[in-house]
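# coords please:
(one chain, ligands or ions: 3)
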Amino acid sequence: MQIQVETQPYSSISTDALVTYVFDKEPKLEGIAAEIDRAMNGRLSSLASSGEIAGKNLEMILVHFPQGLSAQRLLLVGAGKPEKFAASDLRKIAGGALRFLKSRGVKRFVFVAREGERGADAARAIAEGLVLADFESDKYRTDKKNREIASVSLVGFEAGRREAIEQAIENGRVVAESQNFARDLINEPSNHLTPRMLAAKAQEMAAEVGLGVEIFDERRIAELKMGALLGVAQGSVEPPRMIIVRYVPGQRPAGGPVLGLVGKAVTFDTGGISIKPANNMEKMKYDMGGGATMLGAMRALAYLKPRVPVIAVIPATENMPGGRAQKPGDVQTAMSGKTIEVINTDAEGRLILADAITYARQLGCSHLIDAATLTGAIEVALSNVNVGAFGTPRQFLDQFLASATAVGEKMWPMPIDDEYEEMIKSNIADIRNTGSGKGGGAITAAWFLKEFAEDTPWVHLDIAATCWVDEGRPWLAKGPTGVAIRSIIDFALKL
Ligand code: BES
Ligand code: ZN
Ligand code: ZN
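Numbers count the residues shown, from 1 in each chain. Ligands and ions are numbered 1, 2, ... in the order given. All right, here's what the predicted structure looks like:
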């Protein structure tokens, strides 16, 4: 899909569809909407006064063969209440329009930005929305629909700033394509994406964009005494991998921060001996979503070149109930030296992250972000709307949440008071891998990770309920969302 800036007057562009948006109860059509109305001899305002164009959030009004325009169709997308509108809503509007038109066989369209949104931020949000909405997960279908959007022209942008606008579109494309790269990985069934295959994909991606990469096999993992990761991996015939991806900036300020990105990559989570029920177990192929998130973020950072060095540390394994599997009650010694009583083998994410966090700190990461499909409890707390965001110190978490807001990703701060630490005390080891069963499951899981992050500034994102959606949204296909990638990229660029 091509995305380009067009300066020709939109009324004379012959295209499959002309797209713009209208606000809820826009009292009188203004600006571009008014111009289009004039070109159409007042037909839009009569539609508006009849109540047909209400401007409700993402409501679509399609007019065929609009009089006075050279376009075949006019699509008006509802932008909701103007006081709630932000530039990041353009992502959903542009994405919603693309999915609506694509399903009708449209190949090219023109997107007209309105007066308030003609800067680089708007162009970038629109480009991101388009590329994200264009994502299809039909790799394993033999009867592909083969619908393709060939090109989208953006109209209305400040003519004098063409270069900046084009750069913003390119950046938006890089970010969204990286998000789609992660979504593709998350979609892969576990027989097509074992830990070894994930490592190979990381290597391939790193070579393509010029990142450093190192893969540790099971022997190296054992040499490094990553006992918590090995404990999880021992139940599977597929060996584990530790994937390290490095971005090194051109000019590295000595003594500056080093950002570590740690992502859970359980390529399939059966629960192990504490086996999960059959219902919905197939979904556990997406238990590597955190690792995919970090690979997606690294891919984008390779292009966008932040000033800080960034190291991704991704522990990859299956969680299987094989004959050699770890059993409830087993005690494992993590790389940090801490001993862990494994109460429930299904709480495996925190085990593999423990060793990855320890290793990231050993590599010199001064700041850590981890992402993980860690707990079912986060769905109870926040449903599939917000990512659960934990972290210390609070000011570091707030800085991260500001990035999330800036890029239109919903995240909500979760508590991590000392009282919860009591709940992961073990009778025979240093800590146990589940809480006391008195609720707060997402928080005790976060506390377990904090035992390894210690005093390193750290953010933990529980994406178990948001990494995958069962129902499509107007702007996003059902399936993997790629959530958190944009926030992590924005944060790294600002650090
Ligand atoms: N991978 C799961 C969490 C999960 C659940 C992700 C639903 C996506 C959707 C994780 O490894 C797990 O099984 N967690 C347990 C922890 C419990 C045993 C303490 C859970 O949340 O039930
Ligand atoms: Zn599990
Ligand atoms: Zn899991």
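# C-alpha only now, for contacts and for neighbours.
Noted.
# Would you report the backbone torsion angles of the residue of the chain found nearest ligand 2?
Nearest residue of the chain to ligand 2: residue 346, at 3.5 Å (C-alpha to the ion). Dihedral angles phi and psi of residue 346 (degrees, to the nearest 10) take the values phi -80, psi -10.
# does it really touch residue 275, like I thought?
Yes. Counting by C-alpha atoms under 8 Å, residue 346 does reach residue 275; the two are 7.0 Å apart.
# The two - which one has more neighbours?
residue 346 (23 against 16; other C-alpha atoms under 10 Å).
# who touches that one in this structure?
269-276, 319 (C-alpha atoms under 8 Å, 6 or more residues apart in numbering).
# again, but for residue 393
So residue 393 contacts 457-458 (C-alpha under 8 Å, 6+ apart).
# Could you measure from it over to residue 416?
10 Å (C-alpha to C-alpha, to the nearest Å).
# ok, now residue 198?
Residue 198 is 32 Å from residue 416, by C-alpha to C-alpha.
# With neighbour numbers in mind, choose between these two.
residue 198 (24 against 18).
# For that one, what are phi and psi?
The phi/psi pair for residue 198 (degrees, to the nearest 10) reads phi -60, psi -40.
# do the same with residue 311
Here residue 311 shows phi and psi, under degrees, to the nearest 10, equal to phi -120, psi 120.
# same for the helix or strand encompassing residue 20, what does it pack against?
In the assignment (DSSP states H and E), residue 20 maps to strand 17-22. Contacts defined by 3 or more C-alpha pairs under 8 Å, 6 or more residues apart in numbering; DSSP states H and E place strand 17-22 against strand 73-78, strand 108-112.
# tell me what the last one is packed against?
So the one you mean is strand 108-112. Against strand 108-112 (3+ C-alpha pairs under 8 Å, 6+ apart) you get strand 17-22, strand 151-155.
# rerun that using 10 Å as the cut-off
Applying 3 or more C-alpha pairs under 10 Å, 6 or more residues apart in numbering; DSSP states H and E, we find strand 108-112 packed against strand 2-6, strand 17-22, strand 73-78, helix 89-102, strand 151-155.
# now do the first one
Packed against strand 73-78 by the contact rule (3+ C-alpha pairs under 10 Å, 6+ apart) you find strand 17-22, strand 60-64, helix 89-102, strand 108-112.
# hey, C-alpha coordinates of it in PDB?
Output of strand 73-78 as PDB, limited to C-alpha atoms (Å, rounded to 0.1, in the frame of the first residue of the first chain):
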ATOM      1  CA  ARG A  73     -17.900   7.600  -3.400                       C
ATOM      2  CA  LEU A  74     -17.800   9.900  -0.500                       C
ATOM      3  CA  LEU A  75     -17.300   8.300   2.900                       C
ATOM      4  CA  LEU A  76     -18.000  10.300   6.100                       C
ATOM      5  CA  VAL A  77     -16.600   8.800   9.300                       C
ATOM      6  CA  GLY A  78     -18.100   9.800  12.600                       C
END
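# how about the residues of this structure near ligand 1?
Residues of the chain lying close to ligand 1 by C-alpha under 6 Å from any ligand atom are 271, 287, 344, 346-349, 373-377, 434, 464-465.
# For those residues, work out which two are farthest apart.
344 and 465 (20.4 Å; C-alpha to C-alpha).
# Give me the more crowded residue out of these two.
residue 465 (23 against 20).
# mind checking which helix or strand that one is in?
For residue 465, there is no enclosing helix or strand under DSSP H and E.
# Run through the residues that contact it.
Counting by C-alpha atoms under 10 Å, 6 or more residues apart in numbering, residue 465 touches 373-388.
# Any idea how far stretch 123-138 is from the middle of the chain?
13 Å (C-alpha atoms, centre = their mean, to the nearest Å).
# ditto for stretch 82-89
Distance of stretch 82-89 from the chain centroid (C-alpha atoms, centre = their mean) equals 21 Å.
# Then stretch 155-169?
26 Å.
# what's the first-to-last distance across that stretch?
The first-to-last residue distance of stretch 155-169 comes to 13 Å (C-alpha to C-alpha).
# can you count the residues close to the one residue in the stretch 151-300 of the chain that gets nearest to ligand 1?
Of all residues in the stretch 151-300 of the chain, residue 287 sits closest to ligand 1, at 5.3 Å by C-alpha to the nearest ligand atom. Neighbour count of residue 287, defined by other C-alpha under 10 Å: 27.
# where does it land on pLDDT?
Looking at residue 287, its pLDDT is 98.
# pretty sure it is touching residue 269, no?
Yes. Shown here, residue 287 and residue 269 form a contact pair, counting by C-alpha atoms under 10 Å, at 6.5 Å.
# So which of the contacts of residue 465 are in helices?
Counting by DSSP state H, these place 377-382 in helices.
# Could you give the number of residues near residue 79?
Residue 79 has 25 nearby residues by other C-alpha under 10 Å.
# Same question for residue 398.
Neighbours around residue 398, by other C-alpha under 10 Å: 17.
# Pretty sure it sits in a helix.
Yes. Counting by DSSP: H, G, I helix; E, B strand; the rest coil, residue 398 is part of a helix.
# Where does residue 207 sit, in terms of helix or strand?
helix 195-209.
# Please point out which parts of that helix sit buried.
The neighbour-count check on helix 195-209 (16 or more other C-alpha atoms under 10 Å) flags 195-199, 202-203, 205-206 as buried.
# following that helix, which helix or strand comes up?
strand 212-216.
# between that following strand and helix 195-209, how big is the angle?
170 degrees (axes from the mean of the first three to the mean of the last three C-alpha atoms, to 10 degrees).
# what about whatever helix or strand comes next after strand 212-216, average pLDDT?
Using DSSP H and E, the helix or strand that follows strand 212-216 in sequence is helix 218-223. Helix 218-223 carries an average pLDDT of 98.
# same check, this time on stretch 393-408
Computed over stretch 393-408, the average pLDDT equals 97.
# Any buried residues in it, and which?
Using 16+ other C-alpha under 10 Å as the test for burial, stretch 393-408 gives 394, 397-398, 400-401, 403-404, 406-408.
# Closest one of the residues you listed to ligand 1?
Ligand 1 has its nearest neighbour among the buried residues of stretch 393-408 in residue 404, at 21.1 Å by C-alpha to the nearest ligand atom.
# Need phi/psi at the closest one.
Backbone torsions of residue 404, given as degrees, to the nearest 10, read phi -60, psi -40.
# just the one 4 residues further on next, same as before
Torsion angles at residue 408 (phi, psi; degrees, to the nearest 10) stand at phi 70, psi 30.
# Give me the helices and strands touching the lengthiest helix in the chain, please.
Longest helix in the chain by number of residues, with DSSP H as the criterion: helix 162-187. Applying 3+ C-alpha pairs under 10 Å, 6+ apart, one finds that helix 162-187 contacts strand 2-6, helix 120-133, helix 195-209, helix 289-304, strand 468-469, strand 479-480, helix 485-494.
# Of all the residues in that helix, which ones are buried?
Quick answer for helix 162-187 (16+ other C-alpha under 10 Å): 162, 165-166, 168-187.
# likewise stretch 49-66?
In stretch 49-66, counting by 16+ other C-alpha under 10 Å, buried: 53-62, 66.
# same check, this time on stretch 34-46
Going by 16+ other C-alpha under 10 Å, stretch 34-46 has these buried residues: 36-37, 39-40, 44-45.
# Could you report the separation of residue 35 from residue 29?
Applying C-alpha to C-alpha to residue 35 and residue 29 gives a distance of 9 Å.
# Please enumerate the shared neighbours of these two.
Counting by C-alpha under 10 Å, 6+ apart, residue 35 and residue 29 have no contacts in common.
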